[in-house]
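Trainee: Fold the following.
(2 chains)
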Amino acid sequence: MFRRLAASAALMLCFAGAASAQQLTPSPTLDAIKARGHLECGVHLGLPGFSFADDKGVWQGIDVDFCKALAAAILGDATKVKYTPTSVQQRWPILQSGQVDLLSRNTTITFSRNASLGVNFLGINFYEGQTFIVRKKANISKPDEMDGATVCVAAGSTEEKQATDWFAERGKKVTIVNFQRNDDAIAAYDAERCDAYTAGFGALAGQRSKLKAPDDHVILTQLISNDPQGPTVRYGDERYQAVVRWVLNGMIAAEHFGITSKNVDEMRRSSTNGEVRRILGVEGNFGQMLGLSNDWLYNAIKQVGNYGESYERTVGMDSPLKLPRGPNQLWTKGGLLFTSPFQ
Amino acid sequence: MTAALRRWFYDARVRAWISQAAVAGAMFGTIWYFVANASENMVKAGIASGFDFLWRTSGIDVPFKIVDYTPQNNIVDLLWVGVANTLLVSLLGMALATILGFLIGIARLSKNFLLRGLATGFVEFVRNIPLLLFVFFWYFGVIRALPPPRDSFGAFDTFFLNNRGLYVPAPTEGHPFAAVSVAFAIGVALFLVLRAWAVKRQAATGKIFPIWAAGTALIVGVPLAAAIVVALTTSWSVPVRGGFNFRGGFVLVPEFVALLAALVTYTAGFVAEVVRGGILAVGKGQKEAAASLGLTPGQTLRLIVVPQALRVMVPPMTSQYLNLLKNSSFGAAIAYPEIVSVFMGSALNATGQAIEIIAITLAIYLVAGLAVSMFMNWYNARIALVTR
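Mentor: Residues are numbered from 1 along each chain as shown, chains lettered A, B, ... in the order given. Next up is the predicted model:
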């Protein structure tokens, strides 16, 4: 009897030992980021408001902010990011080959990309929708009136196919001229080669500044597609994917709970809300469960801010783009942002 | 080892076979390893591979095509659109660059100071500017020089020119103008027969037949006559002004004109140098001998200098033609829908199958390049000095 008890106790100890040693699944990506001391982030070649290098050469934008928040969560320092500008064509090989840890660059979430490129989309940081920029003097108020028009577009973007489909479905004849780079397509539109240039409304708001006379143009308000965009990673390494997903959730949740970069210290000291306490690492050990320190989201919010702060600073009312929140607002305030609970 | 086996082993021919087999084996083994390794890693990374994507619906529209294509066609049809556009601009570019290059090369050797100076200036200008800049220079130059659609230049209410392109009438269905290329072939055949007769007659009687004038009349006239007949018997779709632009007819897009102009002027600079080198390679005594026989300077150039210069010029010209073929890929930068733009740009991004698409593109450039080389080698062998 005693011997049997001792044997089962030894077995239990073995399980416990094995279990504690295996608490974290291995994450080669997180290990590599920590070992090299910085995050490798693939961004856009230059899209004001989303990712662009400002006149001092510092990367700015809502997509850049996400890279910074992730670096703050993993490494404790939002400045430890190396940015790799990628074109529409280069982005997939650069992500697939492991040159960057993630893409955070206006990339639309689509089925065939998810299924055949070996990439996963881990949430939505911008609800984009395709529309057109046209000259004011052309007197167009909605895409339906564009029968016979010529449209400049970047080759290989989702917009190229979407515009072709949309006009074909409505029996309208539109000529699509596809350029290798966004900037060349915009330059050709500006030189009147095309009647319109097409991209997401957010991207258009940013790219408008590249036109010679931005005020002579108008961005149509009717959208012809839903183009949700968010951080993109390779297949595999689920623990790293969980970190990326929950940093984004954390930034949105922080806005929901009113945690900002300015009041985060006070909230950490005095908040009585369980979820806020768990987000900020006062209660539970959520950071450690992902192999990070418990102040992971505290660092991200303190150094970068919550989602709303980042939005207003980069594309919103505090930026030259002046985009209203629209769908990119909390669901409680009429938008689409909705995160899963920190429980 | 028996003596026979040893002798066999030390035979030079056997040795050669063994080493060749070893090299071939190593090469194919390496390729096999890379292909197997890549496909294994792609499966591991969840990336689709294989060539099935070629038969998927493309959904990509192309503004300029010379083969039948709509976005409902397959990606492989899109590939042919790109190949046809690449070949169109390359072959036309080769012909025009040769003509322009010849003229500039001869002008480089002119006794006229102004002409010589201009030609030298042109050569130095194009040789020292990157082709990409040149392409953009032409492209934005062409677009800006032309009026927007509302102020189009029109002729007879059937031809229109604006910065969206040159609008010309097109047959409403089918390809009735295939007859014109048949007529062209007939014209060339008639010219060859006439030339054989003229050469024979000149050898027999010494009378010179104006073969070039007659030849031009045949080669241009016969297809032209055919074109007129076809034009009068087909129904036409004539461009009509719509809300934004003209509808119907065929559009020659400014991208094509800009790319062709950039390739022709750029390559002509190099061709001019090849021509100059070839002409200088012909001994001075040849020209003096021709002059002493009473040939005019034009005849000397055409009958004495150029045929001998060609022998020196053909091999470097082959390189220039191959360069032009490859440089046509710069069309991608200005939205000319050639193979790099539609296949490596649009199709690659629609499917994400980079390895397959780049391999196919490489193979197509390789085949086209080898075809140009083969033709030039055949021509080189034909005009080579035959020694008996």
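Trainee: Okay, buried residues for stretch B:59-70 please.
Mentor: B:G59, B:I60, B:D61, B:V62, B:P63, B:F64, B:K65, B:Y69 (16 or more other CB atoms under 10 Å in any protein chain shown). Using the backbone N, CA and C atoms, a C-beta is placed for each residue, glycine as well.
Trainee: give me the low-pLDDT residue ranges for chain A?
Mentor: Counting by pLDDT under 70, chain A shows low-confidence ranges at A:1-22, A:156.
Trainee: what number of residues lie near residue 223?
Mentor: As the question left the chain open, I've gone with chain A. Residue neighbour count, defined by other CB atoms under 10 Å in any protein chain shown, stands at 17 for A:L223.
Trainee: right idea, wrong chain: chain B
Mentor: With other CB under 10 Å as criterion, B:P223 counts 21.
Trainee: Could you do A:L24 as well?
Mentor: Counted with other CB under 10 Å, residues neighbouring A:L24 total 12.
Trainee: does it sit in a helix, a strand or a coil?
Mentor: In three-state terms, and counting by DSSP: H, G, I helix; E, B strand; the rest coil, A:L24 is coil.
Trainee: roughly how far apart are it and A:F286?
Mentor: Using CB to CB, to the nearest Å, A:L24 is found at 13 Å from A:F286.
Trainee: Strands along chain B, start to end?
Mentor: Taking DSSP state E as the test, the strands found in chain B are B:153-155, B:159-162, B:165-168, B:170-171, B:236-237, B:240-241, B:246-247, B:250-252.
Trainee: meant to ask about the stretch 1-150 of chain A
Mentor: A:39-44, A:52-53, A:59-60, A:81-86, A:102-103, A:119-121, A:126-128, A:130-135, A:150-154 (DSSP state E, counting those that start in this stretch).
Trainee: Now distance to B:P171 and mean neighbour count too, for the ones you listed, in TSV please.
Mentor: Below are the strands of the stretch 1-150 of chain A laid out as TSV (distance: least, CB to CB, whole Å; neighbours: other CB atoms under 10 Å in any protein chain shown):
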stretch	distance to B:P171	mean neighbour count
strand A:39-44	45	25
strand A:52-53	49	18
strand A:59-60	54	20
strand A:81-86	45	19
strand A:102-103	48	25
strand A:119-121	46	21
strand A:126-128	43	23
strand A:130-135	33	24
strand A:150-154	23	27
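Trainee: sorry, back to before: which of the strands of chain B is buried the deepest?
Mentor: strand B:165-168 (a mean of 22; mean count of other CB atoms under 10 Å in any protein chain shown).
Trainee: Any idea which of the strands of chain B gets closest to A:A72?
Mentor: strand B:165-168 (52.0 Å; CB to CB).
Trainee: Would you mind naming what in the stretch 201-350 of chain B lies close to chain A?
Mentor: The stretch 201-350 of chain B has residues B:242-245, B:247, B:253-255, B:332-335, B:337, B:341-342, B:344-346, B:348-350 near chain A, with proximity defined as CB under 8 Å from any CB of the partner chain.
Trainee: now swap in the stretch 1-150 of chain B and tell me
Mentor: B:42, B:45-48, B:59-61, B:63, B:71, B:140, B:143-144, B:148.
Trainee: how many other residues sit next to A:Q89?
Mentor: Look at A:Q89: counted by other CB under 10 Å, it has 20 neighbours.
Trainee: So what does it look like in phi/psi?
Mentor: Main-chain torsions, A:Q89, degrees, to the nearest 10: phi -80, psi -40.
Trainee: was I right about it contacting B:N349?
Mentor: Yes. Counting by CB atoms under 8 Å, A:Q89 touches B:N349, with 6.2 Å between them.
Trainee: re the thing from before, redo the buried residues of stretch B:59-70 as JSON lines? Include pLDDT and distance to B:V76.
Mentor: Shown next, in JSON lines, are these (pLDDT from 0 to 100; distance: CB to CB, whole Å):
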{"residue": "B:G59", "pLDDT": "81", "distance to B:V76": "14"}
{"residue": "B:I60", "pLDDT": "83", "distance to B:V76": "13"}
{"residue": "B:D61", "pLDDT": "83", "distance to B:V76": "17"}
{"residue": "B:V62", "pLDDT": "85", "distance to B:V76": "14"}
{"residue": "B:P63", "pLDDT": "82", "distance to B:V76": "20"}
{"residue": "B:F64", "pLDDT": "85", "distance to B:V76": "19"}
{"residue": "B:K65", "pLDDT": "83", "distance to B:V76": "14"}
{"residue": "B:Y69", "pLDDT": "86", "distance to B:V76": "11"}
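Trainee: For the residues you listed, which two are the farthest from each other?
Mentor: Every pair of the buried residues of stretch B:59-70 checked by CB to CB; the farthest is B:G59 and B:F64, at 17.8 Å.
Trainee: Identify the residue spatially nearest to A:T332, adjacent ones excluded.
Mentor: Excluding its sequence neighbours, the residue lying closest to A:T332 (CB to CB, 6 or more residues apart in numbering or on different chains) is A:H256, at 7.1 Å.
Trainee: Identify the residues contacting that neighbour.
Mentor: Going by CB atoms under 8 Å, 6 or more residues apart in numbering or on different chains, A:H256 touches A:L330, A:T332, A:T339.
Trainee: Count residues in the vicinity of the last one, would you?
Mentor: Right, A:T339. If you count neighbours by other CB under 10 Å, A:T339 ends up with 20.
Trainee: Which element, helix or strand, includes the closest residue to it other than its chain neighbours?
Mentor: Distances taken as CB to CB, 6+ apart place A:N249 nearest to A:T339, at 4.3 Å, with adjacent residues excluded. Following DSSP states H and E, the helix or strand that holds A:N249 is helix A:238-256.
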